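**Q** coords below, sequence missing:
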Ligand code: HEM
């Protein structure tokens, strides 16, 4: 008896469902094997047919039936009441597929869309088939805190695909504690004092450049703050490496390279199983090879020349003063150094750009904060050599807190993962099942009226200074721009030092206002600034921030 197409459709459908059951149970870590298995199975089904009588249409129909049944089975399960996250509200598309998250990352709008979903569906929203986003204060501690959840598959695409090196941001458990120890030495008060010298040197260079540019016309201050932060991080991590202030741009192309690879990584974090396949593509490998070569080159320079003005981060990460029993491996330290540049440059410069944007949109607040800087630093030079007065910059600190609240440089952050085999009760109300990815997005929680009211979307630095009263709510614990818990931002003290030095220097030296530009479509260029902050894990400023700067 010969096998016909009709005989094969039923088995193809059953096989599709069985594949879903298998992959659901044994989640693949990479796409290569599963893709091959999916391609081979329809061919095995048609194998009994005499090849001479096998029409290509038959193979096509069997494959179609197999893939359609697999897809329908997956979608039906994800939408069904039996899915463990069935009771968590959320829109249809993300319940079905993680490709929605990939698209959202490429669009740059992830933070704004997630906030809109919280506005609509509440404090816990299903943002993926196995993913939730929570903006309840108790969840900050329960998810990000010491007894919370660990980083999971979301961070896998950040691991170097060739060297398989984990740095402090991708390591978990004891490995994380060990790596973080060296970072903490690098961020001690003594180290910070040394880094101040490096900030001051670059800040002087920036101010000299801005003095010259300011007389020529409006300056894209967002770009120049980016050059500053990048040059400084190169000095701080490797004792040098970039000269973007000198060159007036990214002449070497490393900034662009880092940003491009950040976008790819941020998108792949939603589909980590695809990362090994994508990283196998030559043009993708090319950019990660270039980055590694660059890291090794500046590391080699650093080893040859030693620290420049002061002990740099390399000194601490490489354990040059011999705290650890075993010296760290060179490749690990290169990876940490590159991480420092990624984690510490765009974050700080975006925070400063957003602060300036907020101040320039509120001239009354600008005037108050400028008056404070003038009072604390009557002599401009002392901004560069006396950080002991930072505690007196109370209003500037409030303005920075408010800018970090409205525009957190890491707007959504990375997901933590519920361990296999257990579920977690979060905030006493949501039972989150095993292997779920859990986001606590700073942008959405920091604009929640529950924690900041009235007017949670308004720039109101005074909310940080008002005492508690019955009319207003300010919840410092809900400001998580630097994250929370054992994997919070290890560079926080340095970031604050840098931000206060740069902001005071700019306010002291210049009178600034938005450049007058023709309104495009009725919207002035500076009004578009918030919409051009792309959330690609770290914010990318897609637009310009054109400012007229007049020496005072
Ligand atoms: C305003 C500036 C900054 C902001 C808002 C910021 C924010 C953050 C956030 C939200 C995280 C957690 C990321 C996650 O959970 O995946 C983080 C981690 C980290 N940040 Fe920052 N950061 C800033 C500046 C810096 C600076 C200047 C450095 C210094 C090099 C730095 C180094 C790091 C490192 C190494 C981690 C990983 C820590 C760990 O996993 O233990 N950051 N940062």
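**A** Nice, thanks for sending it over. In this text, all values refer to a predicted model and were calculated from it rather than measured experimentally.
**Q** around the ligand, which positions in the stretch 401-550 of the chain sit nearby?
**A** 409-410, 413-414, 481-483, 487, 489-491, 494-495 (CB under 6 Å from any ligand atom). C-beta coordinates here come from the backbone N, C-alpha and C atoms, glycine included.
**Q** hmm, try it at 8 Å
**A** With the criterion set to CB under 8 Å from any ligand atom, the stretch 401-550 of the chain comes near the ligand through 404, 408-410, 413-414, 442, 480-483, 486-492, 494-496, 498-499, 537.
**Q** from residue 491, how far out is residue 445?
**A** Distance of residue 445 to residue 491, computed by CB to CB, to the nearest Å: 21 Å.
**Q** before we move on, what about residue 402?
**A** 21 Å.
**Q** give me the more crowded residue out of the two.
**A** residue 402 (25 against 21; other CB atoms under 10 Å).
**Q** tell me what the helix or strand hosting the more buried one is packed against?
**A** For residue 402, the enclosing helix or strand under DSSP states H and E is helix 394-406. Counting contacts by 3 or more CB pairs under 8 Å, 6 or more residues apart in numbering; DSSP states H and E, helix 394-406 packs against helix 346-360, helix 363-376, helix 492-509.
**Q** closest to residue 458 out of these?
**A** helix 346-360 (10.0 Å; CB to CB).
**Q** JSON lines for the helices and strands packed on helix 394-406, including mean pLDDT and mean neighbour count?
**A** Below are the helices and strands packed on helix 394-406 laid out as JSON lines (pLDDT from 0 to 100; neighbours: other CB atoms under 10 Å):
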{"stretch": "helix 346-360", "mean pLDDT": "97", "mean neighbour count": "25"}
{"stretch": "helix 363-376", "mean pLDDT": "98", "mean neighbour count": "16"}
{"stretch": "helix 492-509", "mean pLDDT": "97", "mean neighbour count": "22"}
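**Q** adding distance to residue 541, write those out as a markdown table.
**A** Shown next, in a markdown table, are these (distance: least, CB to CB, whole Å):
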| stretch | distance to residue 541 |
| --- | --- |
| helix 346-360 | 6 |
| helix 363-376 | 20 |
| helix 492-509 | 16 |
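**Q** so what's whichever residue of the stretch 351-500 of the chain sits closest to the ligand closest to, chain neighbours aside?
**A** Of all residues in the stretch 351-500 of the chain, residue 491 sits closest to the ligand, at 2.1 Å by CB to the nearest ligand atom. Spatial nearest neighbour of residue 491, excluding adjacent residues (CB to CB, 6 or more residues apart in numbering): residue 344 at 5.2 Å.
**Q** next, count neighbours for that neighbour.
**A** Here the number of neighbours of residue 344 (other CB under 10 Å) works out to 24.
**Q** can you give me the strands in this protein?
**A** Remark: strands assigned in the chain by DSSP state E are 124-128, 131-134, 150-151, 219-220, 416-417, 424-426, 430-432, 437-439, 452-453, 473-474, 510-514, 533-536, 538-541, 546-551.
**Q** and those strands as a markdown table, adding distance to residue 115?
**A** Converted to a markdown table, those look like this (distance: least, CB to CB, whole Å):
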| stretch | distance to residue 115 |
| --- | --- |
| strand 124-128 | 10 |
| strand 131-134 | 10 |
| strand 150-151 | 23 |
| strand 219-220 | 27 |
| strand 416-417 | 19 |
| strand 424-426 | 19 |
| strand 430-432 | 19 |
| strand 437-439 | 12 |
| strand 452-453 | 13 |
| strand 473-474 | 18 |
| strand 510-514 | 26 |
| strand 533-536 | 10 |
| strand 538-541 | 14 |
| strand 546-551 | 27 |
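**Q** which one of those lies nearest to residue 11?
**A** strand 124-128 (31.8 Å).
**Q** what is that closest one packed up against?
**A** If you count contacts as 3+ CB pairs under 8 Å, 6+ apart, strand 124-128 packs onto helix 92-96, helix 99-107, helix 110-121, strand 131-134.
**Q** what comes into contact with that strand?
**A** 85, 88-90, 94-95, 98, 100-101, 114, 117-118, 132-134, 136, 270, 426, 429-430, 437, 439 (CB atoms under 8 Å, 6 or more residues apart in numbering).
**Q** try stretch 477-491
**A** 137, 140-141, 144-146, 148, 151, 168-169, 176-177, 180, 183-184, 187, 340, 343-344, 351, 401, 404-405, 408-410, 413, 440, 442, 445-446, 448, 451-452, 492, 495.
**Q** what does the stretch 51-200 of the chain have sitting close to the ligand?
**A** So the stretch 51-200 of the chain meets the ligand at 144, 151, 155, 167, 168, 169, 171, 176, 179, 180, 183, 187 (CB under 8 Å from any ligand atom).
**Q** repeat that for 5 Å
**A** For the stretch 51-200 of the chain, the residues in contact with the ligand (CB under 5 Å from any ligand atom) are 168, 169, 180.
**Q** now residue 410: how far from residue 541?
**A** Residue 410 is 14 Å from residue 541, where distance means CB to CB.
**Q** residue ranges with poor pLDDT in the stretch 401-550 of the chain?
**A** Regions of the stretch 401-550 of the chain meeting the criterion pLDDT under 70 cover residues 517-523.
**Q** apply 90 and report the result again.
**A** Residue ranges of the stretch 401-550 of the chain with pLDDT under 90: 466-471, 516-528, 542-543.
**Q** tell me who's in contact with residue 176.
**A** 168, 486, 487.
**Q** what would the strands of the chain look like in CSV with mean neighbour count and distance to residue 386?
**A** Listed next are these as CSV, based on neighbours: other CB atoms under 10 Å; distance: least, CB to CB, whole Å:
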stretch, mean neighbour count, distance to residue 386
strand 124-128, 25, 46
strand 131-134, 26, 43
strand 150-151, 16, 39
strand 219-220, 19, 27
strand 416-417, 22, 40
strand 424-426, 17, 45
strand 430-432, 18, 49
strand 437-439, 25, 41
strand 452-453, 20, 33
strand 473-474, 19, 30
strand 510-514, 17, 20
strand 533-536, 24, 33
strand 538-541, 22, 30
strand 546-551, 17, 22
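**Q** so for residue 504, which of these sits nearest?
**A** strand 510-514 (11.7 Å).
**Q** show residues contacting the closest one.
**A** 210, 214, 221, 356, 360, 363, 366, 506, 524, 526, 546-552.
**Q** what do you get if the cut-off is 7 Å, keeping everything else the same?
**A** Contact with strand 510-514 is made by 214, 360, 526, 547, 548, 549, 550, 551, 552, as judged by CB atoms under 7 Å, 6 or more residues apart in numbering.
**Q** stretch 222-238 too?
**A** In contact with stretch 222-238 (CB under 7 Å, 6+ apart) are residues 195, 198-199, 202, 206, 210, 240-245, 255, 298-299, 302, 312-314, 337, 340-341, 344-346, 348-349, 352-353, 541, 544-545.
**Q** cutoff 6 Å now
**A** If you take CB atoms under 6 Å, 6 or more residues apart in numbering as the criterion, stretch 222-238 is touched by 195, 198, 202, 206, 240-242, 244-245, 255, 298, 302, 312-314, 337, 340-341, 344-345, 348-349, 352-353, 541, 545.
**Q** check stretch 294-309 too.
**A** 197, 238, 239, 241, 254, 314, 315, 334, 338.
**Q** cool, stretch 97-105 as well?
**A** Contacts for stretch 97-105 (CB under 6 Å, 6+ apart): 93, 94, 110, 113, 128, 266, 267, 270, 271.
**Q** tell me how far the closest residue to residue 537 other than its chain neighbours lies from the ligand.
**A** Spatial nearest neighbour of residue 537, excluding adjacent residues (CB to CB, 6+ apart): residue 266 at 4.3 Å. Per CB to the nearest ligand atom, to the nearest Å, residue 266 is found 11 Å from the ligand.
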